[in-house]
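>>> Need coordinates for the below:
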Amino acid sequence: MPGDPPPGDQCWDWTASTSTRGYGKFYMAGTTPHAHIVAHRIYNPHDPTTADKPFVLHWCDRRICVQPAHLHAGTPADNVREMAERERGTNKLTADDVRFIRSSTLTGVELANRFGVAQSTISEIRARKTRRHLA
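Down below sits the predicted model:
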């Protein structure tokens, strides 16, 4: 991990490689684990992932964040529930957001972090695979 975590009220952004979906990743023993999962295992041993809670979820909804205070073990249902409660996902993008994304010179990762969506969502919008009806 890149040093010690900042105070718990601040995100701790991964600054190295990211996956196409915007999660921090690195190479370790021939694998490419997500950085937030490794951070959770290192700093949150009191909240391990288990068969009942196999995922590491973000309280802050930022995939690039590896702040242990923002991570918790959860289920697929927890992930869906939290997404709905916080109005995450592609449905929250307005027509103006889509127009901004298409005209922006920011990277896909920067836009994904800004809008709280996957980098693949940004790519699909830019390639007009989704939201085709918007100019």
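>>> chain center to the helix or strand bottoming out on mean pLDDT in the chain: distance?
Lowest by mean pLDDT, DSSP states H and E among the helices and strands of the chain is helix 76-85, with a mean of 81. Taking Cα atoms, centre = their mean, to the nearest Å, the mean C-alpha location of helix 76-85 is offset from the chain mean by 14 Å.
>>> how far away is the residue nearest to R21 when sequence neighbours are not counted from S19?
Distances taken as Cβ to Cβ, 6 or more residues apart in numbering place A118 nearest to R21, at 4.8 Å, with adjacent residues excluded. (C-beta placed from N, C-alpha, C; glycine too.) Distance from A118 to S19, counting by Cβ to Cβ, to the nearest Å: 9 Å.
>>> and if you look at W59?
Counting by Cβ to Cβ, the gap from W59 to S19 is 20 Å.
>>> Helices of this protein, start to end?
Remark: helices assigned in the chain by DSSP state H are 35-43, 76-85, 95-103, 108-115, 119-126.
>>> which parts of the fourth one are buried?
If you call a residue buried by 16 or more other Cβ atoms under 10 Å, then helix 108-115 has these buried ones: 108-109, 111-113, 115.
>>> Dump the C-alpha coordinates for it into CSV.
Coordinates of each C-alpha in helix 108-115 appear next as CSV, following Å, rounded to 0.1, in the frame of the first residue of the first chain:
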residue,chain,number,x,y,z
GLY,A,108,-12.1,7.8,-18.7
VAL,A,109,-10.7,7.1,-15.2
GLU,A,110,-11.0,10.8,-14.2
LEU,A,111,-14.6,10.9,-15.5
ALA,A,112,-15.6,7.6,-13.9
ASN,A,113,-14.3,8.9,-10.6
ARG,A,114,-16.0,12.3,-11.0
PHE,A,115,-19.4,10.7,-11.8
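>>> Can you list the helices and strands that that helix packs against?
Here helix 108-115 touches helix 95-103, helix 119-126, going by 3 or more Cβ pairs under 8 Å, 6 or more residues apart in numbering; DSSP states H and E.
>>> If anything else comes up later, I'll come back, but that's it for now.
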